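Chemist: just the structure for this:
(chains A and B)
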Amino acid sequence: MITIIDNDLGNIGSVVRAVSYLNIPFCLTRDLNEIEKAEKLILPGVGSFSAAAKEVLTPQFTGLIRYLTLEKGIPFFGFCLGMQLISEFGEEMGESKGLGLIKAKTSRLRVDPARYPVPHMGWNDVDFNGLKMFAGVADKSCFYFVHSFEMMVSDPETNIATVNYGDFDICAAVEKDNIWGAQFHPEKSQKAGLQLIKNFSLL
Amino acid sequence: MLRTRVIPVVLIDGYSVVKTIQFNERRNQGNPITVARIYNTRNVDELIVLDIDASVQDRSIDLFTIEEIASECFMPLTVGGGIRTLKDIRSVLDRGADKVAINSAAIKTPELIQEASSVFGSQCIVASIDVIKESGEYKVFSAGKALDMNPFEWAIRLESLGAGELFVNSVDLDGTMSHCDLELIDKIVKSVRIPVIYAGGVQSPEDFIEPIRMGCSAVAAASIFHFTRWTPDCVKRKMNEHGIPVRLLTTN
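Modeler: All right, here's what the predicted structure looks like:
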């Protein structure tokens, strides 16, 4: 059973549809008592780090997610903003604190916006190394991205995939023990994306 | 490398898929859910679904249809037609859309674009402009007539209000399968920095190439995929031959 955190951060509907299409049992909730019982967690999201940090990352919520993932070790998968939120902090409109599940910060895309449109939107090739997350995915597969911020990871081993945009290699996915994150949208990336969700469900 | 998108457009009149010629004459193309399902199995980059009668008939797009389309649509889905309020946007997003296209409502209330992009993010808000040429001058077209509005100034305004993409339709070339309006494209892409999606008049895979070279981020089309043997993948193979990076079926 996967618990999908319903947090008003965007396209929950798409995530639910992808998980149900794969016949994976799930529950959708924002109730902390329900989340506490989770065996696996998906944190979806589209939009702004600072708004999300303010609205969603209450001390209770942050404390619970940190306990479940870092102490209890349950598998966690963040999509797009849901990945960025596992950083220690985000640099958008001042600094706001993230969940701090891995050593990383989230800041504005380094690209020159005069030459490359921001958000980075569309299908782009992902360079990954064959860890658990990308099992069964063809090399150089494309995934769907929509984001204006990028995560800068301190430990290079955690950064398991990159995407090139505007002359920069941007973090496309992170994996550290039970904690996974994807900057792209697995739920909107056709077969390759669905494969990642399936791989997560098999953990 | 970012891949250039080819986007099929599905126009509906409430319940059935239709294809118009110059926004007027119509031909029925069947059930929208079936049409969307075919595009999903063809692994297209993105899908745009527009209810072309919703605004004129002052009603909302049918949410059941959107939900059915989205249930097997694992690519970005843009939905438009009759979107007037933040509540309308929320309800189509809840049914599985990823972005909304706003056209008539933005003309009446430009602030909607601003509010919507601040609530849902710019990436979610596609501003749509229909353009017609009248006595040699480009004008915004809405509810069956040309308005006294310059489409390029309007595009700049929409961008400054927070639209994340611009979807530009040539009314004159709609459904004609003749050629693209390159003059219109040139003027639009020089007006704004946000991604521009052009639609109107493509006849063959070759027609998708020039708009991209001129600076469009994507080309959208309906008739060519309804009425000819060309599929989105055929089009992208042709673009690939001309050095435009695309996402082909075999490369996911």
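Chemist: please count neighbours and contacts with C-alpha atoms only from this point.
Modeler: OK.
Chemist: enumerate the residues of chain B near chain A.
Modeler: Residues of chain B found near chain A (CA under 8 Å from any CA of the partner chain) are B:1-5, B:43, B:45, B:70-76, B:93-98, B:120-121, B:123, B:193-195, B:247, B:251-252.
Chemist: tell me the buried residues within the residues you listed.
Modeler: Neighbour-count burial within the residues of chain B next to chain A applies to B:2-5, B:43, B:45, B:70-76, B:93-98, B:120-121, B:123, B:193-195, B:247, B:252; the criterion is 16 or more other CA atoms under 10 Å in any protein chain shown.
Chemist: return the subset of these lying in helices.
Modeler: Using DSSP state H, B:70-71, B:93-94, B:120 are the members of those that sit in helices.
Chemist: now do the strands in chain A.
Modeler: Read by DSSP state E, chain A holds these strands, from start to end of the chain: A:2-5, A:26-29, A:41-43, A:76-79, A:89-91, A:95-97, A:104-108, A:120-128, A:142-147, A:149-153, A:159-165, A:168-176, A:179-182.
Chemist: give me the contacts around the first one.
Modeler: For strand A:2-5, the surrounding residues in contact (CA atoms under 8 Å, 6 or more residues apart in numbering or on different chains) are A:16, A:24-30, A:35, A:38-44, A:201.
Chemist: adjacent strands (with direction) for it?
Modeler: Strand A:2-5 pairs in its sheet with strand A:26-29 (parallel), strand A:41-43 (parallel), by DSSP bridges.
Chemist: got it, and the fourth one?
Modeler: Sheet neighbours of strand A:76-79, with direction, are listed as strand A:41-43 (parallel), strand A:179-182 (parallel) (DSSP bridges).
Chemist: does the helix or strand of chain A with the lowest mean pLDDT reach chain B?
Modeler: Of the helices and strands making up chain A, the lowest-confidence element is helix A:49-55, at a mean of 84, by mean pLDDT, DSSP states H and E. No: no part of helix A:49-55 sits near chain B under the criterion CA under 8 Å from any CA; the closest distance found is 9.9 Å.
Chemist: which parts of that helix are buried?
Modeler: Under the neighbour-count rule (16+ other CA under 10 Å), helix A:49-55 has A:49-50, A:52-53 buried.
Chemist: return the member of these nearest to B:Thr176.
Modeler: The shortest distance between B:Thr176 and any of the buried residues of helix A:49-55, using CA to CA, involves A:Phe49 and amounts to 44.9 Å.
Chemist: show me where chain A dips below the pLDDT cut-off.
Modeler: Residues of chain A that meet the criterion pLDDT under 70 lie in A:130.
Chemist: sorry, back to before: quick one, which of the contacts of strand A:2-5 are buried?
Modeler: For the contacts of strand A:2-5, a neighbour count by 16+ other CA under 10 Å gives the buried set as A:16, A:24, A:26-28, A:35, A:38, A:40-44, A:201.
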